[in-house]
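> Got a predicted model here, sequence first, then my questions.
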Amino acid sequence: MPSTPAAAARQILIRLQEVMAARTGAQAKLNKVVEIIGESLSSEVCSIYLVREGVLELFATRGLKQEAVHVTRMAMGEGLVGLIATNVETMNLDEAASHPDFSYRPETGEELFHSFAGVPIVRRERAIGVLCVQHAEPRKYEEVEIEALQTVAMVMSELIANAELADDSPTDLRVTDTGTTMLHGLQLVMGMGRGHVVFHQPRVHIEHTVAEDTEAERQRVISAFAKMREQIDRMTGAAEFGMEGEHQEVLETYKMFAYDEGWSRRINEAIDSGLTAEAAIERVQQRTRMRMRQIDDPLLSDRMHDLEDLANRLLRIVSGQLGTAAQMGLRQDAVLIARNLGPAELLEYDRRRLKGVILEEGSLTAHVTIVARAMGVPVLGRVRDIRHLVNEGDLILMDVTDNSLLIRPTADMEEAFENRLHVTQKRRAEFVAMRDLPSVTADGQRVELMVNAGLREDAQALDMVGADGIGLFRTEFQFLVSATLPQREKQQRLYKDVLDAAGDRPVIFRTVDIGGDKALPYMQRDDDDEHEDNPAMGWRALRLALDRDGLMKAQARALLEAAAGKVLHVMFPMVSEPWEYEQARALIEHQRAWLHSRKKKLPIAVRYGAMLEVPALAEVLDILLPQLDFLSVGTNDLTQFLFAADRSHPRLAERYDWLSIAILRFLDRVVRTCETYQVPVGVCGEMGGRTLEAMALVGLGIRRLSITPASVGPVKAMIRAIDANELQAEMRALLDGGVRDVRTRLIAWAKDRHIEVG
Ligand code: PEP
Ligand code: MG
């Protein structure tokens with residue numbers, strides 16, 4: 001066996017090519033294939049299983065008993081072969097029988113063989129078969145052998161598809177069901193949309209996998225790369241969102257991938273193994289996909305989507321099958337369906353006709369989500385198998401607010417949807433009309449309504465929704481969307497722009513909350529790759545900032561200089577003990593004194609606040625509050641720590657209620673203590689943006705909420721409708737009475753008074 005994967009695969013492919021070109025039947029070819037692979041890998045057994053009528057059937061073998069051929073059948077997910085097919089994943093075991101999924105088939109005589117390696121034969125991202133090898137001696141197969149097997153499996157998929165041996169014809173992937181279906185997904189970008197199904201990408205069909213002239217294939221890839229880079233450069237230059245801002249940074253990262261030398265090198269290596277340019281691109285992509293499946297890191301998988309986007313683009317260029325739905329143009333209102341999309345791919349669509357996007361994957365932090373939000377296109381993510389449940393042209397109604405989509409709705413459903421859309425639009429218009437009305441309860445109590453922000457553009461929302469200021473400016477956003485650490489001047493420019501846009505209204509800047517799960521690639525820690533099991537409870541936010549005070553000093557200077565002549569509000573995240581707050585404040589004061597000594601223009605006042613998001617801090621408020629100008633409760637983190645429930649874990653998302661008596665009593669105690677020390681207290685977590693929850697908070701005595709801009713209208717309407725005194729009495733009774741289901745009671749209370757709470 002040659003020592004490099006390319007040489008090993010190449011040797012096998014040369015022999016396979018002859019087999020494939022021979023004028024024999026498909027079964028004879030498969031019989032020959034298992035002989036060649038077995039011989040080349042010196043493997044006692046080589047077998048091919050193919051998916052037929054949804055079941056894996058042994059189609060050819062060298063080494064197992066021939067009587068088992070077309071007799072041994074495994075369901076998907078059954079045994080090692082079934083597992084490989086279901087998970088589309090390679091397996092390499094030195095002792096197959098000790099694997100929990102091993103399923104013994106006496107008719108094959110496989111008890112003689114200990115080691116086992118299998119790779120999926122993939123077509124359109126699904127396994128249409130499994131290629132496996134077995135050995136009597138217990139040993140793991142080497143990387144070279146596995147790579148060779150994977151390359152061979154890739155070529156096999158062509159042979160199998162051409163011979164129509166496995167379940168693969170496009171009709172199998174088409175939906176026969178024509179009835180109405182309702183599906184649910186993950187809210188990525190809010191909104192409602194109605195349109196006809198358009199598949200983002202008719203898949204590129206790879207016609208030839210084995211190269212005739214390797215040098216020519218290499219040249220094809222080189223020119224395809226050049227063309228792709230040119231396209232990306234053009235797109236980044238012409239992005240409609242201007243040069244500044246998050247989107248630009250997103251596209252820059254994307255560009256970085258396009259120029260990644262490692263990627264093109266891997267494709268060239270695959271060409272060296274005897275594959276065509278198309279097959280080599282797909283081969284590298286398959287390998288990356290398999291690796292990514294094993295890494296459970298949402299940030300990495302977001303980057304993976306960018307790479308998929310580019311690989312598809314490259315594949316289209318090299319194969320000349322150019323059309324994405326965007327390039328063909330949208331002919332009517334469309335809902336776009338894709339496994340995932342890259343940000344640049346989304347930008348190619350005509351915004352006027354694109355009414356929504358539905359993805360099988362997708363996450364809140366993905367670049368494409370950020371771009372879609374900027375385009376104002378609703379997106380529903382994690383809708384499993386959607387590509388196989390709809391047909392091109394089907395009508396879809398999607399309502400992200402409701403997490404749902406309707407495929408092929410009935411006329412009644414369509415009418416109901418249109419009515420809801422109309423109501424939503426009308427409500428939105430009413431909220432806009434309310435923009436200039438004060439946020440005051442029916443009995444005259446003022447509740448400040450501020451917005452959460454993080455980017456330069458967000459400041460515009462202040463005027464649009466009529467908010468009282470920015471109650472939480474997440475300064476780490478600028479760090480997260482930058483490829484390098486933002487310099488002090490750049491930070492200062494952002495803060496100044498935001499303060500200018502806010503005018504007289506206050507902006508509360510939170511110092512960076514990075515580290516933990518918001519790791520920045522350009523900021524390595526000293527002990528470098530020390531792994532954190534619980535990043536949310538790890539070295540993050542103020543903890544990191546106090547250790548790395550260079551970062552904090554630069555930010556302090558940027559803030560102080562940006563707020564020259566104005567009042568500066570600074571808030572520290574994740575304060576766990578008073579000394580942390582004291583140290584952070586001293587650091588800023590020190591910078592202030594230094595600037596003063598340099599005769600620099602300073603803010604007319606600096607107001608300091610702390611976030612209460614670590615429960616321990618609630619026990620020492622008597623020590624902390626006398627030093628504070630304000631306190632802000634971060635209910636996102638606070639809830640996860642109070643309930644020991646990861647805030648980003650999908651299974652726990654609905655498990656604990658913000659209106660649980662535990663949280664409300666906790667907040668009640670905090671509010672009472674703040675009253676004693678006469679320190680204003682607000683809430684800046686997502687809880688305050690939900691109308692019913694916001695009502696509960698007002699009932700606890702909270703008089704400042706900082707929420708997402710879209711919630712300002714509905715929350716203000718609620719505030720203007722309630723009698724705060726009456727509500728506070730009701731909340732007191734519920735808390736003191738130990739009522740279990742506060743939610744139901746509050747809904748009933750609101751309903752009795754005709755108050756809309758969502
Ligand atoms: C919070 O934890 O509630 C909060 C507002 O901060 P973040 O969501 O940025 O952690
Ligand atoms: Mg927080």
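Received it, and whenever you're ready, just let me know what you need. Ligands and ions are numbered 1, 2, ... in the order given.
> In the strand or helix carrying residue 149, which residues are buried?
Under the criterion of DSSP states H and E, residue 149 resides in helix 143-162. Using 16 or more other CB atoms under 10 Å as the test for burial, helix 143-162 gives 144-161. For every residue, glycine as well, the C-beta is placed using N, CA and C.
> What of stretch 107-121?
Within stretch 107-121, the residues that count as buried by 16+ other CB under 10 Å are 108, 110, 113-121.
> Also stretch 561-570?
In stretch 561-570, counting by 16+ other CB under 10 Å, buried: 561-563, 566, 568-570.
> Ok, stretch 741-751 next?
Within stretch 741-751, the residues scored as buried using 16+ other CB under 10 Å are 742-743, 745-747, 749-750.
> Farthest pair within the buried residues of stretch 107-121?
Using CB to CB, the two most remote members of those are 114 and 121, lying 23.7 Å apart.
> how long is stretch 53-69 from one end to the other?
16 Å (CA to CA, to the nearest Å).
> And the contacts of the longest helix along the chain?
Counting by DSSP state H, the longest helix found in the chain is helix 214-238. With CB atoms under 8 Å, 6 or more residues apart in numbering as the test, helix 214-238 has contacts from 211, 248, 251-252, 254-255, 258-259, 264, 267-268, 271-272, 274-277, 280-281, 310, 313-314, 317-318, 344, 347-348.
> I'd like to know which of the buried residues of stretch 561-570 is nearest to ligand 2.
Using CB to the ion, residue 570 comes nearest to ligand 2 of the buried residues of stretch 561-570, at 15.9 Å.
> wait, does the helix or strand that closest one falls within make contact with ligand 1?
In the assignment (DSSP H and E), residue 570 maps to strand 567-572. No - using CB under 6 Å from any ligand atom, strand 567-572 stays clear of ligand 1, with a minimum separation of 10.1 Å.
> Run the chain-centre distance for that strand.
Its chain's average C-alpha position is 31 Å from that of strand 567-572, according to CA atoms, centre = their mean, to the nearest Å.
> can you check stretch 6-25 too?
Centroid separation for stretch 6-25 versus its chain: 41 Å, with CA atoms, centre = their mean.
> and what of stretch 665-684?
Going by CA atoms, centre = their mean, the spacing between the C-alpha centre of stretch 665-684 and its chain's C-alpha centre is 35 Å.
> Any buried residues in that stretch, and which?
Across stretch 665-684, burial judged by 16+ other CB under 10 Å covers 666-668, 670-671, 673-674, 679-684.
> measure whichever residue of the stretch 651-758 of the chain sits closest to ligand 2 to residue 645 for me?
Going by CB to the ion, ligand 2 is nearest to residue 685 of the stretch 651-758 of the chain, at 7.2 Å. Taking CB to CB, to the nearest Å as the measure, residue 685 falls 14 Å from residue 645.
> Which one of these two is surrounded by more residues?
residue 685 (24 against 14; other CB atoms under 10 Å).
> pLDDT value on that one, please?
pLDDT for residue 685: 88.
> out of everything not next to it in sequence, what's closest to it?
Counting by CB to CB, 6 or more residues apart in numbering, residue 635 is the residue found nearest to residue 685 once chain neighbours are left out, at 3.0 Å.
> Tell me how many other residues surround that neighbour.
Residue 635: 23 neighbours (other CB under 10 Å).
> That one reaches residue 694, doesn't it?
No - here residue 635 does not reach residue 694: they are 11.2 Å apart, not a contact under CB atoms under 8 Å.
> what touches both of these two?
Joint contacts of residue 635 and residue 694 (CB under 8 Å, 6+ apart) are 687-688.
> one step back: give me every residue that touches the residue of the stretch 651-758 of the chain closest to ligand 2.
Listed by CB under 8 Å, 6+ apart, the contact partners of residue 685 are 613, 633-639.
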